[in-house]
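K.L.:
Just to be clear, the model below is a prediction. Sequence and coordinates:
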Amino acid sequence: MTSTVAATSVDDEPTQAAGRADRVAGRLLFRGGVLLATWVLLGAVAVVPLSLLHVWRPVVALPVLLVALALAVRVAGVVPAPPLAKRAALAVVAVAVCVGAWAGLTSAEHVVLRRDAGSYALYGQHLATAGTTVVDVRVPDLGGAAVLADPDVTVGSPAFYEQGRGAGTHVVPQFLPATPAWLSVGWWAGGWTGLLLVPAVALAAALLAFGGLAARLVGPGWAAVATAVLGLSQPVVHAGRSTYSEPLALLVGCAGLAVLVDATRAGAVGWGSGGSVEVAPDRARERSATRPVDRSRNRAVGRWSAAHRLGLLAGLLAGGVALVRVDGLRETALLVPVAGLLALRRNGAGAGLAVGLGVSTLVAAVSALLVSRPYLGSIAGSLVPLAAGAVLLGVLSVLGVRLARRRAGRPRGASGRVPSPLSGALPRLLPAVLAGAVVAVGVVLASRPLWQVVRQDPNDPGSRVVAALQLRQGLTVDGGRTYAEHSVAWLAWWLGVLALVLALAAAAWLAARAASTWRDDAAPPGWLGPLVVALGSAALTLYRPGITPDHPWADRRLVPVVLPATVLLACAAVAGLTRAVRARRGGLAARVVAGCGAAVLLVPPALATLPVATERTERGEVAAVHQACAALGPADTAVLVGSRAANEWPQVLRGVCGVPTVVLRPARSRPVPREALRRVVAAVQAAGRTPVLMTADGEQVLVDAGVSPRQVVGLSTTEDARLLTRRPAAGVPLTVDLWLARVLSSAR
């Protein structure tokens, strides 16, 4: 393997311009993902004030998004776009479009809420139709504030939090508004069909951004291979089939790291033998008024400024992932020390990166506090330590930079350099130590099933879910298990063991090379930032996935960073082996190695995904929702009874059907609290409306309540498997039912 991740193609063909087509190809591959990611983040910022003003509607939002698109085009124009062979760019685009089309043709219809996909879909639909994130529950039509004061009554449901009191009671959706904002644009374009296709479009854009990152790190010739490997992996396709936030997070994260590569390289140009740029920009400004113009100094200042601008953009994009997903703060924290290291090397990207990360994190925090405060409260147990860790890394980085710069003022040695902060045997051992540490962490994570069983609080609600799944699958019932010790096996399911071994070898090699550049006082390599994020985030995610461990649900955790990082590292290993073989054995042997390496990377994910390649879950749920809405009239108020109806249908009826909806909490002894039911029915009738009892737990629930039900929804479809110890190879049957009974007089 070579000492760096070289930006050359498989055949080492030059990528310099051969004409207009090559220039266009370079712009498409190197700027396309950045443009789309910038547009996504600008839309995510715009939705907050517009939704607070209740004006997130096409007449207002679409012009704002068009302006944002024009701005994104200008911003992407600062990104370097060297010409390259058009076939490299077209191959990446073809892969991205094909995977996006595949995800769109097999998209799920998860709109009856059971898990996050349903939450996002209903959130996006509500935002598109109401123009705001807050859900009006129409308290008077529920029978007044007295009804909501009853402890047996609620208007909340999973992912939709009840807030306020009395006449001010309302519902706030879970999650950040970025993904719902773009889902709402899909709704404006084509109703449910448009909304459900947005993740597939986002996935195609994310793969384009990933291809641009791969082209920078492993070369344009390998970019299409890397993109195909990632696009073939089932967790990525699954995220693009359903209304999840991972595709947008993948898009923004890859674009941010791609720009960071450009910024780091721009700041490293002109690195002198003495370990600093030709002329530091601050000193150049001081001397410019008293000394003749020195063109070399001006070029150095220009390079510093270019690196600073690119670093700023990289920070805004990388930190902006937190606008899409809260856990994006982890990658932001990991990039803070990178900014410090770049600053120590007088690389202009360092200061820009730090400022960009700070600004985007602040915007993300304010946005979340304004529209997603209940959600932040629900995840405070994991969010607070993450935020504290980010602050600690920031403080330590600032202190480290200041101490190092103070030391830089010490007298220089005979060579003209400031003595290295590393002295003695440590500099010689540092590359080997870091490489060994990377391998050791990988081995420890992979071997955990042999010596560890990870558990959580058995009283956690997730523990009850796990226990039920264990009982159903014939496993030992131990609801406290998180199965986190098997996270590396989850990754191997989809990429293959050999790809993981190659990725670990490349990670160790690159860690050693990064240590060598620091030891030798050399310019930091362009891949430094992506490497830190890849190693840090992958290790933390695999150590503690922090998700209910059923599959393919839990595999979503791998999509934003772990899978892309593993694919890039494995591709880097194969590319390095190919170049080494070419140097020793010639082109034919190199082509054989490249072909075998590509097969090793492509075949396992293709075979793993094949059994579910054409699977389309939740089919028919949109039609089922239309049936439920058609059974209700404008004067009806839905009263939901039974646990399943209380979980799945409140926001569907309230947000999609436009029917005021209240939920009766199931009692311990019976599914329907009789006294509370009588009170609610009487209050609704007193308000001049017709109470409609509805359940999804079987018609007997309504019969026991003293009414005559009729079934309005009876759907047999499939949903994702919920396996704990095996890779899913097919969906499982799902029934979606709904019964109702219109109450024309007080219930007995």
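P.N.:
Great, that's in hand. If you're wondering where the values come from, they're calculated on a predicted model, not measured in any experiment.
K.L.:
Surely Gly340 touches Leu399?
P.N.:
No: under the contact definition of CB atoms under 8 Å, Gly340 does not touch Leu399, with a separation of 9.3 Å. Just so you know, the C-beta spots here come from the backbone N, C-alpha and C atoms, and that holds for glycine as well.
K.L.:
So for these two, which residue has more residues nearby?
P.N.:
Applying other CB atoms under 10 Å to Gly340 and Leu399 shows that Gly340 carries more neighbours, namely 23 against 11.
K.L.:
I'd guess the more buried one is in a strand, am I close?
P.N.:
No: looking at Gly340 with DSSP: H, G, I helix; E, B strand; the rest coil, it is helix, so not inside a strand.
K.L.:
quick one, what contacts it?
P.N.:
Gly350, Ala354, Ser397, Val398, Gly400, Val401 (CB atoms under 8 Å, 6 or more residues apart in numbering).
K.L.:
Top of these by number of neighbours, please.
P.N.:
Gly350 (27 neighbours).
K.L.:
State the distance from Ala21 to Val326.
P.N.:
42 Å (CB to CB, to the nearest Å).
K.L.:
Between these two, point out the one with more neighbours.
P.N.:
For the pair Ala21 and Val326, the greater number of neighbours falls to Val326 (23 against 15), based on other CB under 10 Å.
K.L.:
For the more buried one, which non-adjacent residue is closest in space?
P.N.:
Leu383 (6.3 Å; CB to CB, 6 or more residues apart in numbering).
K.L.:
Same question for Leu251.
P.N.:
Ala206 (3.8 Å).
K.L.:
Which one of the contacts of Gly340 is nearest to Leu195?
P.N.:
Of all these, Leu195 sits closest to Ala354, with 37.6 Å by CB to CB.
K.L.:
That closest one: what's it in contact with?
P.N.:
Gly315, Val336, Ala339, Gly340, Ala343.
K.L.:
who wins for most neighbours among these?
P.N.:
The residue in the contacts of Ala354 with the most neighbours, by other CB under 10 Å, is Gly315 (31 neighbours).
K.L.:
ok so, going back, in JSON lines: the contacts of Ala354, plus pLDDT.
P.N.:
Output for the contacts of Ala354, formatted as JSON lines (pLDDT from 0 to 100):
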{"residue": "Gly315", "pLDDT": "96"}
{"residue": "Val336", "pLDDT": "94"}
{"residue": "Ala339", "pLDDT": "94"}
{"residue": "Gly340", "pLDDT": "91"}
{"residue": "Ala343", "pLDDT": "88"}
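K.L.:
What is the nearest of the residues you listed to Val75?
P.N.:
Distances from Val75 to the contacts of Ala354, taken by CB to CB, are shortest for Gly315, at 13.0 Å.
K.L.:
Identify the residue spatially nearest to that closest one, adjacent ones excluded.
P.N.:
Distance criterion CB to CB, 6+ apart; nearest residue to Gly315, sequence neighbours excluded, is Gly356 at 2.0 Å.
K.L.:
so that neighbour touches Arg309, yeah?
P.N.:
No: the criterion here is CB under 8 Å, and Gly356 misses it with Arg309 at 10.0 Å.
K.L.:
Looking at these two, which is more packed in?
P.N.:
Using other CB under 10 Å, the more surrounded residue of Gly356 and Arg309 is Gly356, with 31 against 20.
K.L.:
Report the contact partners of the closest residue to Leu734 other than its chain neighbours.
P.N.:
In this structure, Leu734 finds its nearest non-sequential neighbour in Glu719, 4.1 Å apart by CB to CB, 6+ apart. By CB under 8 Å, 6+ apart, the contact list for Glu719 reads Arg114, Thr617, Glu618, Gly731, Val732, Pro733, Leu734.
K.L.:
Cool, thanks, talk later.
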